[in-house]
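Asks: Pasted the sequence and its predicted model underneath.
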Amino acid sequence: DGETMSLTAIWIVAGEIRVYGSLQNPDWYRYQAKTLSIYSGISYMHSTSSTPSKVENLFIGLSGQLYLGNAYGGNSIQVDSTCVVDGALVIAHPMVGTGNFYLNNGGTLQTVNGEISISGNTGNIRISGIRQYSKQANYKYISSVGTYTTGNGLPDSVASLTIDNAENSKTSLTSSVIVV
């Protein structure tokens, strides 16, 4: 109803958390829900807790953005069924779990100080199921410190590719990429 609701600590929800605005003050909460759906607005999650937020399903709609972690760390999110990104996912701390990850056409994946990979326990998407990265998606790599590669998950052609390195950092292409 257009009202602001402030919640702190841990949210344990048997159903779905739906976000049509934004979630702010990320150090205040962790999630445990069947589904977290971010339909619009910008939401942040980088709690200093070492325990990951847990969801079975994570959905980021066309107008939604989720910032997971930050350049200085933060907690990860555990996805045990499906993560679908139609909007934007900015990820600075690994996504873990047994689920599947789908970056759909028109979606945006931005990784901070990390790479994306198609399998294994490397990169910022570390869930053990399917990892599908669309050729019609947007990819952005931000390096604030250190040396990184784009990783073997970056498709051979993409809608857009941005590599933004700080003065003392470097991100290199793992393989050739065509921007269409």
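Replies: Cool, the structure landed. Residues are numbered from 1 along each chain as shown.

Asks: Identify the residue nearest residue 104 in space, chain neighbours excluded?
Replies: Ranked by Cβ to Cβ, 6 or more residues apart in numbering and with sequence neighbours excluded, the top spatial neighbour of residue 104 is residue 86, at 5.1 Å. From N, CA and C alone the C-beta is placed, and that goes for glycine too.

Asks: Wait, the one you found touches residue 65, no?
Replies: No - at 11.0 Å, residue 86 does not count as touching residue 65 under the criterion of Cβ atoms under 8 Å.

Asks: so what's the residue lying closest to residue 85 once chain neighbours are set aside up against?
Replies: Distances taken as Cβ to Cβ, 6+ apart put residue 107 closest to residue 85, at 4.4 Å, once the chain neighbours are dropped. Residue 107 sits next to 60, 85, 86, 87, 88, 89, 134, 137, 138 when contact means Cβ atoms under 8 Å, 6 or more residues apart in numbering.

Asks: thought the last one was touching residue 158?
Replies: Spelled out, that is residue 138. Yes - if you go by Cβ under 8 Å, residue 138 and residue 158 touch, sitting 7.1 Å apart.

Asks: shaky segments in this protein?
Replies: Judged by pLDDT under 70, the chain has its weakly predicted residues at 1-33, 46-51, 70-75.

Asks: Now with 80, please.
Replies: Along the chain, segments meeting pLDDT under 80 span 1-36, 42-55, 69-76.

Asks: Bridged to residue 78, which residues?
Replies: Here residue 78 shows beta-bridge partners residue 54, residue 96, assigned using DSSP bridges.

Asks: so how far is residue 145 from the residue nearest to residue 85?
Replies: 27 Å (Cβ to Cβ, to the nearest Å).

Asks: now swap in residue 151 and tell me
Replies: In this structure, residue 151 lies at 18 Å from residue 145, with Cβ to Cβ as the measure.

Asks: So the two - more neighbours on which side?
Replies: Counted by other Cβ atoms under 10 Å, residue 151 and residue 145 do not tie: residue 151 has more neighbours, with 22 against 12.

Asks: Please look at that one and residue 122 and confirm they touch.
Replies: Yes - with contact defined as Cβ under 8 Å, residue 151 reaches residue 122; the gap is 7.4 Å.

Asks: shared neighbours, these two?
Replies: Jointly contacting residue 151 and residue 122 under the rule Cβ under 8 Å, 6+ apart are residue 115.
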